[in-house]
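Colleague: Sharing a model prediction with you, sequence too.
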Amino acid sequence: MAVETPVRPGSIDPETPQRRRIAAGLLDPRQFWQALPEALRKLDPRTMWRNPVMFVTEIGAVLTTWLAIRTPSGFGWLITAWLWLTVIFANLAEAIAESRGQAQADTLRRTRRQTTARRLGEERVWEAVPADRLRKGDVVAVEAGEIIPGDGDVIEGVASVDESAITGESAPVIRESGGDRCAVTGGTQVLSDRIVVRITQQPGESFLDRMIALVEGAKRQKTPNELALNLLLVALTFIFLVTTVTLQPMAIYSKEVMAAAPDTLAITGTGIAGIVLVALLVCLIPTTIGALLSAIGIAGMDRMVQRNVLAMSGRAVEAAGDVHTLLLDKTGTITFGDRQAHAFIPVGGTGAEDLAEAALLASLADKTPEGRSILALARQRTGTAHGAEVGGDWVPFSAATRMSGVDLGSRSLRKGAVAAVSAWVRGHGGAVPDELDGIVEAIATSGGTPLAVADQTRVLGVIQLKDVVKPGLPARFAEMRRMGIRTVMITGDNPVTAKAIAEEAGVDDFLAEATPEDKLALIKREQEGGRLVAMTGDGTNDAPALAQADVGVAMNTGTSAAKEAGNMVDLDSDPTKIVEIVEIGKQLLITRGALTTFSITNDIAKYFAILPAMFGGIYPGLAQLNIMQLNSPLSAILSAVIFNAIVIVALIPLALRGVRYRPSSASTLLTRNLWVYGLGGVITPFAAIKAIDLLVQFIPGIGS
Ligand SMILES: Nc1ncnc2c1ncn2[C@@H]1O[C@H](COP(=O)(O)OP(=O)(O)OP(=O)(O)O)[C@@H](O)[C@H]1O
Ligand SMILES: [K+]
Ligand SMILES: [Mg+2]
């Protein structure tokens, strides 16, 4: 069979229209209403306690409700209403963030339609079974027009597959046995030919299932950074709780003063009314960041999904924001990866026909794409059509030996990386002809991969494999350099080819002739001293490295082993996507930092904004600090509580969209944000509380 049009795996045009880009701009008011039921459901204390700051606020709201019922007053009810709104607004932020993934999950669910699979039964006959009964290890056949019933690896055949249901990419991709492009995903459709697939997933754990759970945020767990921040928020809450409670004896102590000016203060009999205490507490504890923290995290994951990247954990997204070194595998990541045999170049007096025949025999059982393309070219050159029935002991290709071949009667044929084959020939007592160097050099400097062919003690010649570097890479790698990230290409290929490709792609450094162990060792070395390493790869030989990396991005075109090992999958299989992944990670960290700064400074500012108005009557010294000239103690407190609630809603769009990110050094960003959000946090409450005070003073019983 032949696939008519060569189809490139992946797509690297950053503006492909099929990108599922939900306009992530401003909030649609409808989103508020749609998320409201969920926000109310989240009031359940069993859910609320996970967010300590808002849990304290909820307890406060319950308390003021009870107090307002016991001694009803307009002020009491107003505070109570706004405290409940504060909690609901916080829940809304989370519910809206979650709902954005919901629509996508629904679309994916429709993809997961029930299909019937043709499974190879025990009697070696094909039998029809429902797709959801397939287990790991089952073998199924899928023909043109059929839906692939589950995730697996192609073990026989080549087909073009429509993966648009999952990737949004309309151009079909090639899936074939043997190489780094053997993985297929359940729910996608075979367009041409027939493939046999070995299922790699248990029921209910398919890629699609995991993807749905991810976009829904169902499996979201707090990241270590979030846990640490939460601890800080709990500590602050505790400190302010103590501060607020100590205000009570202070107020009792100044009873005489209270008696002198009873109606200007929100004070009853034995001290500050419980309602005022609760209101003051809620104003002081870090409710802004407490309300928005989880929405910021969910939105970060969601921004990844919009870029067609599935992050398996929030931790991976955070790590992406701190990446120091990026390692990229060459074949299939930097290049398109369909290395095709292009020419046979004999050496040492070997006939062209003989070399082609040796290459043919050595490739008869080679299921890798390289092997198949060598076979095709050799058949064309020799005009023979014999196949695996020739017999012999096949030596399959491995990334460790970098060779493959066959032992056939008295002949022992090998083809593979020139260094590996040369060593093998010398090991058998043979010599490597001098002319080999020049030929190999010429192929390698052009970025091609030379494979040597040998028969025990004799090197017969060279096979030239050609590969193409994906376009647009140098610009993206330059961008990474500006972000302070070092890019390193690692490959099993020879140093000369590696150098040529590295230069063409514009990476900072490269490592050649790397075995899977070398890749792993390099990552561990880079990680020394706590530096975070990202790795992009597609092959089974990349899997250990992908697992070791802090951010392991597997190409969707890659093997299931690679996809299992990494903590992100790029559905577009675009190695430069890491630039966007890092940006999203940085944006997440910056947004969280900025809103935390704003939250804490704005709480402290609030304290100084309302305290003079509240206690000015008791301590005349404080009255002089009442630069805001708020109308009355009651209006000051109510205004602060209203501001405290509204600021959450006002910041939801920013939390979801993220603070704008421009590539620049971390310290510049930090200082800039401290100024903008720190200063903003100080000024905003003064201005906003004054404005609200001007309005609420007209409510009967609030103004003086
Ligand atoms: N089917 C094959 N038979 C013999 N030798 C091969 C075959 N495929 C590849 N090789 C040789 O083995 C080398 C190592 O292959 P390996 O898959 O480890 O790395 P790679 O594909 O070149 O690079 P990357 O690590 O970027 O995927 C190749 O560069 C090539 O020289
Ligand atoms: K607060
Ligand atoms: Mg490879």
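Modeller: Arrived safely. Ligands and ions are numbered 1, 2, ... in the order given.
Colleague: The closest residue to residue 487 other than its chain neighbours: what's it in contact with?
Modeller: Of all residues not flanking residue 487 in the chain, residue 507 sits nearest, at 4.4 Å (Cβ to Cβ, 6 or more residues apart in numbering). Every C-beta, even on glycine, is put in place using the N, C-alpha and C of the backbone. Neighbour list for residue 507: 328, 334, 477, 487, 488, 489 [criterion: Cβ atoms under 8 Å, 6 or more residues apart in numbering].
Colleague: Could I get the full set of helices for the stretch 601-704 of the chain?
Modeller: Using DSSP state H, counting those that start in this stretch, the helices of the stretch 601-704 of the chain run over residues 620-623, 633-657, 666-673, 680-696.
Colleague: how far off helix 680-696 does the third one point, in degrees?
Modeller: With axes from the mean of the first three to the mean of the last three Cα atoms, to 10 degrees as the basis, helix 666-673 and helix 680-696 are set at 20 degrees to each other.
Colleague: For helix 666-673, which residues meet the burial criterion?
Modeller: Residues of helix 666-673 classed as buried: 669, 673 (neighbour count, 16 or more other Cβ atoms under 10 Å).
Colleague: Tell me if stretch 528-548 is near ligand 1.
Modeller: Yes - judged by Cβ under 6 Å from any ligand atom, stretch 528-548 comes into contact with ligand 1 through 539, 541.
Colleague: mean confidence score for that stretch?
Modeller: Stretch 528-548 shows a mean pLDDT of 88.
Colleague: on that earlier part again, between the helices of the stretch 601-704 of the chain, which one is nearest to ligand 1?
Modeller: The closest of the helices of the stretch 601-704 of the chain to ligand 1 is helix 666-673. By Cβ to the nearest ligand atom, the value is 30.7 Å.
Colleague: In the stretch 351-500 of the chain, which residue sits nearest ligand 3?
Modeller: Residue nearest to ligand 3 within the stretch 351-500 of the chain (Cβ to the ion): residue 492, separated by 6.0 Å.
Colleague: So for that residue, what's the pLDDT?
Modeller: On the pLDDT scale, residue 492 is placed at 90.
Colleague: Return the residues of the stretch 251-400 of the chain in contact with ligand 2.
Modeller: Within reach of ligand 2 by Cβ under 5 Å from the ion, the stretch 251-400 of the chain has these residues: residue 287.
Colleague: For the closest residue to ligand 3 within the stretch 251-400 of the chain, give me its contacts.
Modeller: Closest to ligand 3 within the stretch 251-400 of the chain is residue 331: 4.4 Å, counting by Cβ to the ion. The contact partners of residue 331, by Cβ under 8 Å, 6+ apart, come to 180, 337, 339, 467, 491, 492, 493, 539.
Colleague: can you list the weak-confidence ranges in the stretch 101-250 of the chain?
Modeller: Scanning the stretch 101-250 of the chain with the threshold set as pLDDT under 70 gives 111-113, 217-220, 248-250.
Colleague: Can you list the residue ranges for strands in it?
Modeller: 116-120, 126-130, 139-143, 152-156, 158-162, 173-176, 183-184, 189-192, 194-199 (DSSP state E, counting those that start in this stretch).
Colleague: now the contacts of residue 331 as TSV including secondary structure?
Modeller: Listed next are these as TSV, based on DSSP: H, G, I helix; E, B strand; the rest coil:
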residue	secondary structure
180	coil
337	coil
339	coil
467	coil
491	coil
492	coil
493	coil
539	coil
